[in-house]
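Enquirer: I'll drop the sequence and a predicted model, then ask my questions.
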Amino acid sequence: MSTSEEIVRRLRIAVIPWTSHITEKKMFGGHCMLYKGKMCVGETKERLMVRVIPEKMEEIIKRPHVRPMDFTGKPMKEFIFVQKEGFDTEEKLQHWIELGIEHAESKQ
């Protein structure tokens, strides 16, 4: 199993509490989880992609292993990349998923 496949496996387990509202879709060259139809978290090139509400972006972007998501060559609004070291435990992974769910809920 590749590292990317392992990350997707971990994501599937971590979103179990929200399973009835989660769908999966290939996006951004990777695998994304959508909460009630809104992209919240995903994996691409062994990194997490996470949507973050605007009010938390300034704080979150300062954390280790986090940077703006610049998939298109410039930072994308309300998106971040998290390197593997930033989600190397299930607790850390859960934190990022909850931020993504929070973002999706804010768009409902």
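Expert: Noted; the coordinates are in hand. Numbering: from 1, shown residues only.
Enquirer: need the strands for the protein, in chain order.
Expert: Using DSSP state E, the strands of the chain run over residues 22-27, 30-35, 38-44, 47-51, 66-68, 79-82.
Enquirer: out of those strands, which one sits most buried?
Expert: Most buried of those by mean neighbour count (mean count of other Cβ atoms under 10 Å) is strand 47-51; its value is a mean of 25. C-beta coordinates here come from the backbone N, C-alpha and C atoms, glycine included.
Enquirer: so where do the helices sit in the protein?
Expert: 3-14, 54-60, 90-106 (DSSP state H).
Enquirer: those: which one's closest to T44?
Expert: Among these, the nearest to T44 by Cβ to Cβ is helix 3-14 (7.9 Å).
Enquirer: what is that closest one packed up against?
Expert: The helices and strands touching helix 3-14, judged by 3 or more Cβ pairs under 8 Å, 6 or more residues apart in numbering; DSSP states H and E, are strand 30-35, strand 38-44, helix 90-106.
Enquirer: any chance of those in TSV, with distance to M76 and mean pLDDT too?
Expert: Below are these laid out as TSV (distance: least, Cβ to Cβ, whole Å; pLDDT from 0 to 100):
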stretch	distance to M76	mean pLDDT
strand 30-35	13	95
strand 38-44	11	96
helix 90-106	13	97
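Enquirer: got those as JSON lines, with distance to E24 columns?
Expert: Formatted as JSON lines, these follow (distance: least, Cβ to Cβ, whole Å):
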{"stretch": "strand 30-35", "distance to E24": "6"}
{"stretch": "strand 38-44", "distance to E24": "9"}
{"stretch": "helix 90-106", "distance to E24": "13"}
